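S.K.: One predicted model, sequence on top.
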Amino acid sequence: MFVERLKLRPLVVLGRGLAVIVAMLLSLCLHASNVLPAAPDYSDYTQWWVSYRQGAADIFYVISTETGDYQLPDGSLYHYADTYNDSVRVALTGEMEGVDRLLSGSLNYYSPYYRQCSLQSFTNDSLVSERLPMALEDVSRAFNYYLDHMNQGRPFVLAGYSQGAMAVLQLLQQMDSTTYGRMIAAYAIGVNIPQSLLDSCRQIVPACGVDDTGVTIGYNSVRDSGCVVHGLGDDNAVGINPVNWSADAMPATLVTVPSPAKPEAEQQVDTLTVRLDPSTRLLIVDGFTGTDYVLPLIGKEGNYHSREIWLYRNQLRENIARRTRAWLLNHH
């Protein structure tokens, strides 16, 4: 067609040959940009991070986005984590292990590897719509396997951060009443929970205090409302202050070091004022001095999404333990 439009009749045969070559190259490019890694087999325990402590309850934790687009030696471009690729697993394992250490306490901890979509997927809504469903489906399969083969009927805390929190929200929407009856609380950290979702999902009940159970805890931390990143607090109906566990505007003081990336002895200790804005449900944080918190590609200065667990790690660990005690007291 290209040759015919240019009226180059003597080159028609050559043009057809070039067209075939171009079509092959386009096919290879399309294949390279849509290669899917193998689905995790959740009966294979290499697809889990598990810490069994003989605890009375579990934490099922879904990690955040730890993967960027990457190319394999054959030229294939991956937009999803390959859970069987050791080099890709390093970052995933790092978050699994870190959150276990920071939050679990005496609880058993289960975290599945899954084909999370890459950070580049969140640069526009169409890519999110195209790529996120496979990641969510992996987590759904993992959770069902956990319930059938690992949980043994124990109560559990459901928790996830960022992309992992999106998966938590889907699990809540899919959860039957019997399973929900064993859920101590759900921590969906660093994600939007819009009013429309609250209206349609009875399993999502916003937390109102420090030890209510069967509830969902969510928050998004920013310096001010101008620092909101699309999808991370800009259409949100759920929020609670994880320092004082207040759902109103009462401020709280948090003394901490700002970064998990440096030894604590090398950091300035921050004294933060943390308050919930009742109108936006954003967590307003004043006094943060860290400089390594801006997310690549989608972040902006003054948005503390990358610190949502680290800043409140002690409060979250204590709160998970407290809600667990409250659930066990009420049910046993």
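M.R.: In hand now; what should we look at? Quantities reported herein were computed from a predicted structural model and do not represent experimental measurements.

S.K.: And the helices in the stretch 151-300 of the chain, which stretches?
M.R.: Listed in chain order, the helices of the stretch 151-300 of the chain (DSSP state H, counting those that start in this stretch) span residues 163-174, 177-180, 195-200.

S.K.: hey, which of these is tucked in deepest?
M.R.: Comparing those by mean neighbour count (mean count of other CB atoms under 10 Å), helix 163-174 ranks first with a mean of 23. To be clear about C-beta, it is placed using only N, CA and C from the backbone, and glycine gets the same treatment.

S.K.: Pull the residues that contact it.
M.R.: Outside helix 163-174, the residues that touch it by CB atoms under 8 Å, 6 or more residues apart in numbering are 61-65, 114, 116-117, 122, 132, 135-136, 139-140, 143, 158-160, 180, 186-191, 193, 197, 200-201, 203-204, 216, 218.

S.K.: at 6 Å instead, please
M.R.: Helix 163-174 is contacted from outside by 62-65, 116, 136, 139, 143, 158, 160, 186, 188-191, 201, 203-204, using CB atoms under 6 Å, 6 or more residues apart in numbering.

S.K.: mind listing the strands for this protein?
M.R.: 48-51, 58-62, 70-71, 77-78, 108-112, 156-161, 183-189, 215-217, 221-222, 252-256, 270-276, 283-286 (DSSP state E).

S.K.: The fifth one relative to strand 156-161, how many degrees between them?
M.R.: Computed with axes from the mean of the first three to the mean of the last three CA atoms, to 10 degrees, the direction of strand 108-112 lies at 50 degrees from that of strand 156-161.

S.K.: And for the top helix by length along the chain, what's in contact with it?
M.R.: As assigned by DSSP state H, the longest helix anywhere in the chain is helix 125-149. Identification of contacts with helix 125-149 by CB under 6 Å, 6+ apart yields 42, 60, 62, 79, 110, 112, 114-117, 121-122, 167, 170-171.

S.K.: so what's Ile63 closest to, chain neighbours aside?
M.R.: Spatially, and ignoring its direct neighbours in sequence, Ile63 is nearest to Glu95 (4.5 Å; CB to CB, 6 or more residues apart in numbering).

S.K.: Quick check: the one you found touching Tyr61?
M.R.: No - Glu95 lies out of contact with Tyr61 (CB atoms under 6 Å); the separation is 8.9 Å.

S.K.: Counting neighbours, go ahead and name the busier of these two.
M.R.: Ranked by neighbour count (other CB atoms under 10 Å), Glu95 and Tyr61 place Tyr61 first, with 24 against 19.

S.K.: still on that earlier bit, could the strands of the chain be laid out in a markdown table, adding mean pLDDT and distance to Leu36?
M.R.: Converted to a markdown table, those look like this (pLDDT from 0 to 100; distance: least, CB to CB, whole Å):
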| stretch | mean pLDDT | distance to Leu36 |
| --- | --- | --- |
| strand 48-51 | 98 | 21 |
| strand 58-62 | 98 | 20 |
| strand 70-71 | 91 | 14 |
| strand 77-78 | 91 | 8 |
| strand 108-112 | 98 | 18 |
| strand 156-161 | 98 | 22 |
| strand 183-189 | 98 | 27 |
| strand 215-217 | 98 | 31 |
| strand 221-222 | 96 | 34 |
| strand 252-256 | 96 | 40 |
| strand 270-276 | 97 | 41 |
| strand 283-286 | 97 | 36 |
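
S.K.: Which one, of these, ends up nearest to His332?
M.R.: strand 183-189 (12.6 Å; CB to CB).

S.K.: what helices or strands is the closest one leaning on?
M.R.: With contacts taken as 3 or more CB pairs under 6 Å, 6 or more residues apart in numbering; DSSP states H and E, strand 183-189 sits against strand 156-161, helix 163-174, strand 215-217, helix 313-331.

S.K.: Deepest in the core, which of those is it.
M.R.: Of all the helices and strands packed on strand 183-189, strand 156-161 has the most neighbours on average by mean count of other CB under 10 Å, namely a mean of 26.

S.K.: what's the angle from that one to helix 163-174?
M.R.: Relative orientation of strand 156-161 and helix 163-174, computed by the same axes, to 10 degrees: 140 degrees.

S.K.: How far off centre is strand 156-161?
M.R.: For strand 156-161, the distance between its averaged C-alpha position and the chain's averaged C-alpha position is 10 Å (CA atoms, centre = their mean, to the nearest Å).

S.K.: And stretch 199-209, by the same measure?
M.R.: 19 Å.
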